[in-house]
Structure formats: C-alpha cells, structure tokens
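Trainee: give me coordinates for this.
(2 chains)
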Amino acid sequence: MTDTATRQDGPGPVLRLQDLHVHYEVRTGQGFGQVPLKAVDGVDLQIRPGECLGLVGESGCGKSSLAQAVMGLVPATSGVIELDGRTDWDRSAATRLARARTVQMVFQDPFSSLNPRQSIATSLGGPLRLHGVTNRSERADRVAEMLRKVGLNPDAARRYPHEFSGGQRQRICIARALIVDPKLVVCDEPVSALDVSIRAQIINLLLQLKDELGVALLMISHDLGVVEHMSDRIAVMYLGRIVEEGAWNAIFSDPAHPYTRTLISAIPDPERADIGHERLRGEAPSALAPPPGCAFHPRCTQAFAPCREGAVPAFTRLAEDHRARCHLLTKDTESR
Amino acid sequence: MLRQLRRPNLAVGGGIVVLLIIIAVFAPLIAPHDPIHDANLMYAGEPPSTAFWLGTDDQGRDIFSRIVYGARIALTVGLLVEMMNAAIGIALGLSAGYFGGWWDEFVQGLTNVMLAVPTIVFALALMAVMGPGIPSLLVALGLTDWAYSCRISRAQVLSMKSSPFIQAARTMGYGPGHIMLRELLPNIAGPLIVVATMGVGSAIMAEASLSFLGLGVVPPAPSWGSMLAGAREQLIVAPWIAVFPGLAIFVTVLGFNLLGDGLRDLLDPQGRSRR
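Mentor: Numbering: from 1, shown residues only, chains lettered A, B, ... in the order given. From the prediction side, this is the model:
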C-alpha cells in the first residue's frame, strides 16, 4: 500500500496522503442503524513542490471529499495527511493559520465563494491582516499586485463581487488563494461552472501562476480533458480509491486500467478518433454498497472471475512512475 | 430610495414610527400640560375640549400630555428590550447553528421552552421576584422574548454555513468568532432586522400589559398600560380615559408591524408571503 509511484528525491512532498479514509455515517432509512459511506477509502498520494497533479473521477467518486479532508473542512476518519512535512493538525488557532499558509483552495462555484457583503479589498486584504501584514498600505499594495497577477485591474479592489462576471470572480478567488503565499492550491473543479470560452483562460492563468510562483496544484475534475493539458501527473479515482496513477505521458500513451481508457476515449478529440469510443455502461455503483472485488467490474468490458470474486486489486507497478489497480494486469500470474 | 416610499406598508409604518420618535423626543414642547404634576381634581374626568384635547383622567391630568410623555416610556422600553432580545437571540442562534452538536440541542430545547410558555407569564414571574419598576421591566422582558430571533438566525446560519465563501474563510484560517460576526451575520441581517422591528412592537405591547397589571411602570409615571388600568372604573362614564391610551398602543404596535412588513418586502423581494 505504501508503494507510491513517486520518486523520492529533492525536497519532501508538499502533500502526502497515507491510507486516507473519509467515511460519513449515513442513516439508511431501514431500521435505526447507521452505515458508513466510504467516500475516500484508503488513498495514498503525493504531490511534490511546484507539481500539478490532476485528480480525475466521476461525480460521487470521493474526489471532493478528499479535497475537503486535505483542507481540514471534513475530518479524516483515519490515515495521515502530511502537509509540508507536518501531520499534527489540531484545532488551535496557530495550527489553523499554519495550515492556511500551506494549502489554499479554489472552489467550483465562483458565484458563492466570495462573501457578497465584502469588497474585494476586504476579501483579499483581510487574510493578509490575519496572517500578520499589519501595515494598511502594504496590504493595499499586495492586493493590487495580486489582482494584476491574475489579470485584473487593481481598481477591482474597491468593487463588490456582484459587479464581476464568473470568470473574473474565479480570478479573484485564485488571487485570494494565492495571497497568503501557500505551497499548494487545491482546485476543486475550478472551471466546470464557467463558460467553455472562459475555461481555457482560467486554466492558462493557473498554469502561468504555478510556474511564476512555484506553487503546487491539485487539480480536481470530472473531465480528463480539463486536466490533460496542465497536469504533470494524473491520478484516476473510482469509488473512493485511486485506480491508476502516473506521469502524464504514461497515462495518455499507455493507460492500463479499463476505466482510465474509457475516460480518455470520452475526451472529444477528432485526432484520437482511431481509439474508438469505449462508452461507460450504467451508473456508478453506490458507495454505500460497493461491489465486491474490483469496484469497477459491473461496468468493465473485460471483467473476469477474480474481478467479481477476488479481493480488491492491489497496485501493480507498471513503470517507475506509473501504477494501476487491475486484476487484468496480474492475470497471468494469478490464474495460471 | 424615494421610490421605496410607494410601498404602502413601509411608508405608513415608517411614518408612524418617525412621528412617534419626534413626539417622544420633543415631548416637553408638544405637551400642553405637565403629565404628572398638573393633577387638579377640579378638572377630573373632563371630556375632550380645547383646553384638554383628549380630556382629563380621574385625577384631572391632561390625557394628551400623558400620552405624549408615555411615548417616551413606550419607545425607550420597546427599543431597549428588543435590543436585549435580539442580542441574546442572535448570539444563541448564530452559535447554535454554526457549532451544532450538544450546544445546538441545548439552545433548541431552551427556545422551545420559551416558545411554549407565553412570554408574559415568564415576565410576570420575573417581575414578581424583582418587584415593579422600569429596570426590572427591562430585565424581565429583555430576557424572555428572544426565541424568534434565535430561531431565525439559526435557520439562516444552517442554510449558509456550508457556502463556499464560509469554507473559504475557514481554510483561510479565520476562527469561529470572525466567521460568525463578519461572514455570517452581515449576510443574514435582513431577516433579523425584520424580526427585531416587529419585536419592538410586541415589547411595547408587553410593557403595556405588565403596566396594566400593575407590575410594570409605577404610577404616576405616564405609561399607556397603567393609564388603561386606571381608566377601568370610569369606562362607562368617561370612555376617553381608556380609549386614547388604547389607541396609542394600537397605532404604535401597528406602526412597528407595518414597518417590519415593509422592510421584509424591501430586503427580500422574493419571500413576500413568508411567515
């Protein structure tokens, strides 16, 4: 389980998840019992400084729960969340501030992620004051500088959120996330609420800021096409588990897991028409009652007996930086 | 902003409240007689006339002057009581909604008890312990009528606390105090202002009721409630002694309720027919 696809060289990872579980207690409506919903069910993941990891999966696969656990918005049921080498995250104010300076978040909906009663100057300057910039004019300068960096006019500071379009608001949210100079920014579907014409701009902005500021990104999306062009590595999540993880070119040139292949073939791209479209059959199974064996087997075209009856497939190491969980990869050694 | 005056509730309610405030502030200039010391049994029970616009009471005091000075007591008690109620209700409701858990259960239980027992009964019990007078009136009413503010603020917080901008504030490292007062409160202020405005009306009503029962403002201070109480025996022979203070209470409470209604329409145009 601890075998990760990441090489250990240079500075330590900015984020390291080890066997992370996030379970919710859910009332089923049958009897009085509560059933654990395993939103995140044993995830190991690392992000190196300045790296962009794309986390892809259908809605309901647990990617947002993972993000919320990293941010400390939901408690992890078990497992280790190591941010910048630190794992002890209690509820004290000092810890809260230290965590905020390590990791920040950009939310999906730019319309509800800014306080409608606060000017942009307050939304961006308040965090600076909270994190120790006491000089008022220094705060104003840094707010103006950050607004310029995200491609907005510094005059925007005087205005209120309702005066901006969705794309502009997402730029403001990015500015707010970056203003405390974090080492990692978690972007939870940052463009899925935006017009298609705006998406590329926001993605390019994130990439440019990543290079300029050296910040690491965790890009979460249900759309492999969104993370395709910006991720150094990609992790594919299915029903609470990472099913394939690897470098960008490994995932796209040599996808090992049938689910990854389906996701890739779902990207609308005329040049890849030769792959042929593998359509996903059916709905994702409920995380309340995950299928036995490989959780993907009811929808997998290549499923065979061990997928249905065997254990959850373990990671198979395919290359130095590429691993996947699929019984097909170990078919020869298992069944013969 | 002037266009809003076309809304009849807001215009009428606001007009009444503004007029009341003017009357209360300039009472000495408006009242033709001293409300307490101009008692003269020679003129006891006079009907309305040019000398005594609304007549005189059983001790010969000018009813108009007493109503004018009574506005001071009514407004002061109403506003102070509602400020206390709103402070308690909002503090409990905000924290219960935000923190949840056992604190929420406790606050909700307390709120249900306050709602189940009529406010006036609670206040009566407290007044019986502390004795009559304006200070104990403020305490008794100020501690008992916060249930609506509490419920509304809790409900608003529940609907808003999972908003991304609240989560953003949490991930920014802000503590619960900042999030409740700076992020949540300004965004739920609209409905709370409405509840508080109507609360002023009911606080004035409660003050009049307690004074009527002899537990509130101590005579001879001119409270509308105690004026009503003193008028009971003359109801048949001198109805004006009871009618005009009663009208004053009626118009004042109506004014605050209309203002609250109008403010709701103004602040929340979509939920016009709620509550």
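Trainee: wait, what's in contact with residue 260?
Mentor: Using chain A. A:236, A:243-244, A:251, A:324 (CB atoms under 8 Å, 6 or more residues apart in numbering or on different chains). Heads up, the C-betas are built off the backbone N, CA and C, glycines and all.
Trainee: that's the other chain; I wanted chain B
Mentor: B:G260 sits next to B:13, B:194-195, B:197-198, B:201 when contact means CB under 8 Å, 6+ apart.
Trainee: likewise B:K161?
Mentor: With contact set as CB under 8 Å, 6+ apart, B:K161 has these partners: B:97-98, B:184.
Trainee: tell me the helix or strand right after whichever strand or helix holds A:Q168.
Mentor: Element membership for A:Q168 (DSSP states H and E) is helix A:166-178. Remark: after helix A:166-178, the chain's next helix or strand is strand A:184-188, criterion DSSP H and E.
Trainee: if we can go back for a sec, chain A: which of the contacts of B:K161 is nearest?
Mentor: Nearest to chain A among the contacts of B:K161: B:L184, at 9.4 Å, using CB to the nearest CB.
Trainee: ok, the closest one touching B:L94?
Mentor: Yes. The pair B:L184 and B:L94 qualifies as a contact (CB atoms under 8 Å) at a distance of 6.4 Å.
Trainee: how about A:L280: what's its closest non-neighbour residue?
Mentor: A:T262 (5.3 Å; CB to CB, 6 or more residues apart in numbering or on different chains).
Trainee: ok so that neighbour is a helix residue?
Mentor: Yes. Using DSSP: H, G, I helix; E, B strand; the rest coil, the assignment for A:T262 is a helix.
Trainee: pLDDT wise, what is it at?
Mentor: A:T262 is assigned 85 on the pLDDT scale.
Trainee: distance of it from B:R264?
Mentor: Going from A:T262 to B:R264 by CB to CB, to the nearest Å gives 52 Å.
Trainee: where does chain A dip in pLDDT?
Mentor: Scanning chain A for pLDDT under 70 picks out the ranges A:1-10, A:28-32, A:269-279, A:281, A:332-336.
Trainee: name the residues of it found near chain B, please.
Mentor: Taking CB under 8 Å from any CB of the partner chain, the part of chain A that reaches chain B is made up of A:71-73, A:93, A:96-97, A:99-101, A:103-105, A:107-109, A:112-117, A:126-127, A:130-131, A:173, A:176, A:180.
Trainee: what is the orientation angle of the helix holding A:Q168 with strand A:184-188?
Mentor: Orientation check (axes from the mean of the first three to the mean of the last three CA atoms, to 10 degrees): helix A:166-178 against strand A:184-188 gives 150 degrees.
Trainee: all strands for the chain, in order.
Mentor: In the absence of a named chain, this looks at chain A. Here chain A has its strands, by DSSP state E, at A:15-27, A:34-47, A:52-56, A:78-83, A:103-106, A:184-188, A:216-221, A:233-238, A:241-247, A:315-319, A:322-325.
Trainee: give me the buried positions along stretch B:43-56.
Mentor: Buried residues in stretch B:43-56, defined by neighbour count with 16 or more other CB atoms under 10 Å in any protein chain shown: B:43, B:45-46, B:52, B:54-56.
Trainee: what about the most centrally placed residue in chain B, distance to A:Q46?
Mentor: For chain B, B:V200 is the residue whose C-alpha lies nearest the centre (CA atoms, centre = their mean; 1.9 Å). As judged by CB to CB, B:V200 and A:Q46 stand 60 Å apart.
Trainee: now for the closest residue to A:L66 other than its chain neighbours: which residues touch it?
Mentor: Spatial nearest neighbour of A:L66, excluding adjacent residues (CB to CB, 6+ apart): A:V40 at 5.0 Å. For A:V40, the contact set (CB under 8 Å, 6+ apart) comprises A:20-22, A:62, A:65-66, A:69, A:240.
Trainee: now B:A231: phi and psi?
Mentor: phi -90, psi -10 (degrees, to the nearest 10).
Trainee: swap that for B:L110, please
Mentor: Taking degrees, to the nearest 10, you get phi -60, psi -40 for the backbone angles of B:L110.
Trainee: just to check, B:D62 is in contact with B:I30?
Mentor: No. Using CB under 8 Å, B:D62 is not in contact with B:I30, being 11.7 Å away.
Trainee: between the two, which is the more surrounded one?
Mentor: Neighbours were counted for B:D62 and for B:I30 using other CB atoms under 10 Å in any protein chain shown; B:D62 has more, 25 against 15.
Trainee: beta partners for the more buried one?
Mentor: B:T56 (DSSP bridges).
Trainee: let me see the contact set for it.
Mentor: For B:D62, counting by CB under 8 Å, 6+ apart, the contacting residues are B:31-33, B:35, B:38, B:52-54, B:56.
Trainee: redo the residues you listed as JSON lines? Include pLDDT and secondary structure.
Mentor: Below are the contacts of B:D62 laid out as JSON lines (pLDDT from 0 to 100; DSSP: H, G, I helix; E, B strand; the rest coil):
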{"residue": "B:A31", "pLDDT": "81", "secondary structure": "coil"}
{"residue": "B:P32", "pLDDT": "83", "secondary structure": "coil"}
{"residue": "B:H33", "pLDDT": "81", "secondary structure": "coil"}
{"residue": "B:P35", "pLDDT": "80", "secondary structure": "coil"}
{"residue": "B:D38", "pLDDT": "73", "secondary structure": "coil"}
{"residue": "B:F52", "pLDDT": "77", "secondary structure": "coil"}
{"residue": "B:W53", "pLDDT": "76", "secondary structure": "coil"}
{"residue": "B:L54", "pLDDT": "83", "secondary structure": "coil"}
{"residue": "B:T56", "pLDDT": "82", "secondary structure": "strand"}
